[in-house]
Each structure stands twice: as C-alpha cells, then as structure tokens.
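# dropping a prediction and its sequence here:
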Amino acid sequence: MSVNILELLNSGIGKQLIGQAGSMLGESDSGIQSAVGSMMPALLGGMMSKAATPQGAGDLFKMVQGLNIDTGSLGNIAGMLAGAAGGGGGASALQSMGTSLLTGLLGGDKTNNLASALSSVAGIKPSSASSLLSLGAPLVMGVVKKMVGDGGLDASGLASALLGQKSALQGVNLDPRITGALGFNSMSSMLGALPNAAAATGAAAAAGASGLRRWLPWIIGALALLLLWNWFSGRKTETAPVPAPAAVEAPVAAPVAPAVAVTLPASVYFETGSAAIGDEGKATISGAAAILAAEGGNVAVTGHTDKTGDAAANEELAKQRALAVRDALMAAGVAESSIVMQPPMFVTGAINDREARRVDITRP
C-alpha cells in the first residue's frame, strides 16, 4: 500500500504527544521521545499481528469502528488531553479508553511487559510508560479509524492495509526488549511470522466460504423438513377407513441453525436503571459461552456508562451489570477463571443512550 502508517504516526500524533506528555508525566522530552519512538512501531506491530487471522481482523475492525474518538481532532492532541476536543474527559478519558483497547489488542500480560520494556529502554518511570501507552493506544487507533473511513475499508481491507506495512517496519531498529515484550526475539522474527497482504485477504474470503459450508447441511435439512411438512399437510383425507399402522419410532428431526449467530466481541444491552438481563442478552451470553466451549480461551467483561447524572451511581450500576453477565456466563458453563473483569468505561461523545447501557464480552 502507498501510505506509510508508521510515518504518519511519527510525524503527526507522535510529535504532538512528545510535546505534551513530558510535562504531564514529569519526564524529560528526550525520555518521552525515546519511548514514543519505540511505542509507535510496537503498537502498529501489535495491530498487524491481530489482523493476521480472519477472526483477529474482524475483532480489530470492530474495535476500530467502536472507537469513541473524533478523528477530526487528531490534529489537536493538546486540546484532546485538556478535554477541549473529542467529547470531553481529557487525559483521564483517553487513558481509560486506552487501557481497554490495549487489553483487547495485546492482552494484559503483553501490555504490562511492553510498559516495563518502554520504561527500561527510554529511562522513564514504569508508571509513566504505562500512562503513555494508555494515552497513545486510542490515538494510534484513531489514525487507523480515519484510514478505514476514508478508504471505505471492511475487515479484510483493514487486514490487507495493515499487513502491507511490513516493508515500512523492516527498516525499524526496535530494541529486542520491546519485541520480546510482544513475544518475538526480534523485529525480523515478528515480521516473518506475519502473512502478506494478499494471503490475509484470501484467508478472510476462505473463512467466509468455510462458514457457509458449515451451515449448509443444516440449511438443507431445514428445507427438507419444510418440503415434507407442505407435502403432508396438502394431502386430502381418505374417506375409506384405513387400518391402524404398526407403531414405529418417530423420525428425529435434523437440528435447525440458530436464528441469531453470536460472534466475539459481543454486547449485552440493559434497560435504563436496571441490571436485569433480558431475553436478547441471554441469547448473546449463551452464544458466547458456546464459542468458549468450542474454542477455549478467556473473555474480558466490561461495563459501560455515561457521566450524565450521578457518576458514582452510574459506575456502580455498570459494575452490577458486568457482574450479572459474569454470573450468567458461569451459569452457562464458563469457568470463573476464564472471565477477566475490566473496570467500567465511560461513554462520551455523539452516541445513543443504549450504547451507554451495555456490557461488552471480548477476547482479552
């Protein structure tokens, strides 16, 4: 692809972040510059690794599309940190958003390892490195969101665009401590583990075809049952008495595909002021539990709320809703050890009220 995303990050939000974060975190400009210089390719590499599979590309696309940030404000990082842009909330709102994004992108362990590596490489405090990561993640995702919107990309297109950045990262001399935090010995080994853009697009298409093949037998079975029903119900009743047939075993009907397919990440929505799970939410949780039973792994549960009214009461309600979803997942057979509870997130900006009354079930 012709656009060099890393160059955009370093020359745009990277420079602005360096100018603002030093005084805010109490660190030298040189330390922040070194940390940002390592953080940008590390986050881009994390997104590329996520986009390397059709499932990961779909999850990443949903994360980008659901990002509550005004991409038009990316040229004014100082304003965003002060709360003048991006719907209010300032640096604390960005950090809260970034913590959730990093969990979905890298997972908790890799995020902590990356913060520790940035601290060591740049010579800044571990707390400053963690804060810088949380501030940088939504800004980097915002640049990608703008790219998706401007290019009209879908999940497959996003994967192709990201994996097309391999050549841009090949010239980056990233410290082995940084790549080690991401699970690779070096930048070359990380890039070598990634498919090329064309392969990723083909894999996404193949995954879609494979999904159709999985459902095809059930669809055919359902159509066959429907034809049999129409044939029997349309027959005329015989007037002559018919001897009673011998008892036979009733045929077992083939199972029919569920009406709603659930994928991860998924959201459970609640009524205003309530933590009770409705029928739609129960179906979503049941589908999520089925995915975990088939694929294994962990899920993260995150409640959302807004800041209208009593913020403390809203946050407590978001926690109760998240606990209700956790209990329902456990009742559906998911082990408690497989559920990671995340702190509530505040929803700000132009978004409908329903989105502030939800609990997200995502892969950590």
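Good, I have the coordinates.
# all strands for the chain, in order.
In chain order, the chain shows strands spanning 266-269, 299-305, 339-346, 358-362, with DSSP state E as the criterion.
# these into TSV, with extra columns for distance to residue 48?
No exception for glycine: its C-beta is placed from N, CA and C like everyone else's. Compiled in TSV, these are given as follows (distance: least, C-beta to C-beta, whole Å):
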stretch	distance to residue 48
strand 266-269	25
strand 299-305	21
strand 339-346	24
strand 358-362	19
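# ok, residue 48 - contacts?
The contact partners of residue 48, taken as C-beta atoms under 8 Å, 6 or more residues apart in numbering, are 162-163, 165-166, 169, 194.
# distance of the nearest residue to it once chain neighbours are set aside from residue 188?
Leaving aside its sequence neighbours, residue 48 sits nearest to residue 162 (C-beta to C-beta, 6 or more residues apart in numbering; 4.9 Å). Look at residue 162 and residue 188: by C-beta to C-beta, to the nearest Å, they are 18 Å apart.
# quick one, which of those two is more surrounded?
In terms of neighbours (other C-beta atoms under 10 Å), residue 162 is the more surrounded of residue 162 and residue 188; the figures are 27 against 13.
# residue 35 - nearest residue in space that isn't next to it in sequence?
The spatial neighbour of residue 35 that comes closest, neighbours along the chain excluded (C-beta to C-beta, 6+ apart), is residue 122 at 3.8 Å.
# surely the one you found touches residue 25?
No. With contact defined as C-beta atoms under 8 Å, residue 122 does not count as touching residue 25 (11.3 Å).
# of those two, who's got more company?
Taking residue 122 and residue 25 together and counting by other C-beta under 10 Å, residue 122 has the greater number of neighbours (24 against 20).
# circling back: export the strands of the chain as a markdown table, with columns for distance to residue 35, mean neighbour count and mean pLDDT.
Conversion of the strands of the chain to a markdown table gives the following (distance: least, C-beta to C-beta, whole Å; neighbours: other C-beta atoms under 10 Å; pLDDT from 0 to 100):
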| stretch | distance to residue 35 | mean neighbour count | mean pLDDT |
| --- | --- | --- | --- |
| strand 266-269 | 34 | 20 | 94 |
| strand 299-305 | 26 | 23 | 92 |
| strand 339-346 | 24 | 18 | 90 |
| strand 358-362 | 27 | 24 | 94 |
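# go through those strands and name the closest to residue 151.
strand 358-362 (24.8 Å; C-beta to C-beta).
# work out the gap between stretch 112-131 and the centre of the chain.
Between the mean C-alpha location of stretch 112-131 and the chain-wide mean there is a distance of 24 Å, by C-alpha atoms, centre = their mean, to the nearest Å.
# could you tell me the end-to-end distance of it?
Length of stretch 112-131, first residue to last, C-alpha to C-alpha, to the nearest Å: 11 Å.
# state the pLDDT value of residue 142.
At residue 142, the predicted lDDT confidence score is 85.
# tally of neighbours for it?
If you count neighbours by other C-beta under 10 Å, residue 142 ends up with 23.
# for it, which residues are in contact?
Applying C-beta under 8 Å, 6+ apart, we find residue 142 in contact with 13, 67, 69, 71, 74.
# would you agree the residue nearest to residue 48 is in contact with residue 51?
Yes. Contact criterion C-beta under 8 Å: residue 162 and residue 51 qualify, at 4.7 Å.
# picking that back up, now for residue 122 and residue 25: what residues contact both?
The overlap between the contact sets of residue 122 and residue 25 (C-beta under 8 Å, 6+ apart) consists of residue 32.
# and for stretch 322-339, what's in contact with it?
Defining contact as C-beta under 8 Å, 6+ apart, one finds that stretch 322-339 is touched by 268, 275-277, 281-282, 285-286, 288-289, 292-293, 297-303, 341-342, 344, 359, 361.
# what residues sit buried inside that stretch?
322, 324-326, 328-329, 332, 334, 339 (16 or more other C-beta atoms under 10 Å).
# what is the neighbour count of residue 290?
Neighbours of residue 290 using other C-beta under 10 Å come to 15.
# thought it was touching residue 262?
Yes. In this structure residue 290 lies within contact range of residue 262 using C-beta under 8 Å: 7.5 Å.
# what's the mean pLDDT across stretch 196-211?
The average pLDDT for stretch 196-211 rounds to 53.
# turn the contacts of residue 142 into JSON lines, including pLDDT.
Supplementary listing: the contacts of residue 142 in JSON lines, determined by pLDDT from 0 to 100:
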{"residue": "13", "pLDDT": "78"}
{"residue": "67", "pLDDT": "84"}
{"residue": "69", "pLDDT": "74"}
{"residue": "71", "pLDDT": "78"}
{"residue": "74", "pLDDT": "76"}
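# now do the helices in the stretch 51-200 of the chain.
54-65, 77-82, 90-105, 108-122, 126-151, 155-163, 166-170, 176-181, 187-192, 197-233 (DSSP state H, counting those that start in this stretch).
# figure out which of the ones you listed is closest to residue 312.
Distance to residue 312, taken as C-beta to C-beta, is lowest for helix 90-105 among these, at 15.3 Å.
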